[in-house]
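In: for reference, the sequence and a predicted model appear below.
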Amino acid sequence: RRPFEGEALSFSSYFKGSSKDHLMGVLGGAIWCVGMSFSILASDKAGPAISYGLGQGATVVAALWGIFVWKEFKGAPKEVPRILNIMLVIYVIGLSLIVLAR
């Protein structure tokens with residue numbers, strides 16, 4: 001209601017999007033809910049560490065899409081791609097260690 005920048009919004013401002021926008025949000029929430037349910041069910045069989053690692057793998061996929069498909073860092077300074085690649089490698093190593101820890 002009181003943003004850091006710009007004017008304050010009214011409650012009705014949150015509903016100004018199109019029906020398609022709202023349905024996409026609901027669909028995204030439903031997909032997340034199904035995935036979370038499967039993760040919880042799988043943790044009983046696979047163990048919490050493996051289930052957590054698989055769930056956090058979605059973060060790696062999202063980062064890969066953002067970096068290499070949508071090119072979100074296009075025009076960034078030259079050292080940024082190297083830092084992003086190091087970040088991805090370290091993140092995957094960390095997830096692997098969590099999964100192996102069981």
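Out: Received, thanks. The model shown is predicted, which means the values in this text are computed figures rather than measured ones. Numbers count the residues shown, from 1 in each chain.
In: in stretch 88-100, what counts as buried?
Out: L95, V99 (16 or more other Cβ atoms under 10 Å). For the C-beta atoms, the positions are set from N, CA and C on the backbone; glycine is no exception.
In: need the contact partners of that stretch.
Out: Stretch 88-100 has contacts (Cβ atoms under 8 Å, 6 or more residues apart in numbering) with A49, I50, Y52, G53, Q56, G57, T59, V60, A63, L64, I67.
In: among the residues you listed, name the buried ones.
Out: Burial by neighbour count, 16+ other Cβ under 10 Å: within the contacts of stretch 88-100 this picks out A49, I50, Y52, G53, Q56, I67.
In: starting at the chain centroid, how far to the longest helix seen in the chain?
Out: Ranked by residue count under DSSP state H, the longest helix found in the chain is helix 19-46. Remark: helix 19-46 is offset 13 Å from the chain centroid, using Cα atoms, centre = their mean, to the nearest Å.
In: and it, what does it pack onto?
Out: helix 48-64 (3 or more Cβ pairs under 8 Å, 6 or more residues apart in numbering; DSSP states H and E).
In: contacts for the worst-scoring helix or strand of the chain on mean pLDDT, please.
Out: Within the chain, no helix or strand scores below helix 48-64, which has a mean of 84 by mean pLDDT, DSSP states H and E. With Cβ under 8 Å, 6+ apart as the test, helix 48-64 has contacts from 35-36, 39-40, 42-43, 46, 84, 87-88, 91-92, 95-96, 98-99, 101-102.
In: just give me the neighbour total for S43.
Out: 16 (other Cβ atoms under 10 Å).
In: low pLDDT regions in this protein?
Out: 1, 102 (pLDDT under 70).
In: kindly recompute the last result at 90.
Out: For the chain, the stretches with pLDDT under 90 are 1-17, 35-61, 95-96, 98-102.
In: gap between the residue positioned nearest the centre of it and S10?
Out: Centroid check for the chain by Cα atoms, centre = their mean gives T59 as the closest residue, at 4.7 Å. Using Cβ to Cβ, to the nearest Å, T59 is found at 34 Å from S10.
In: same question for K20.
Out: For K20 relative to S10 (Cβ to Cβ), the value is 22 Å.
In: now swap in G25 and tell me
Out: 20 Å.
In: cool, thanks, signing off.
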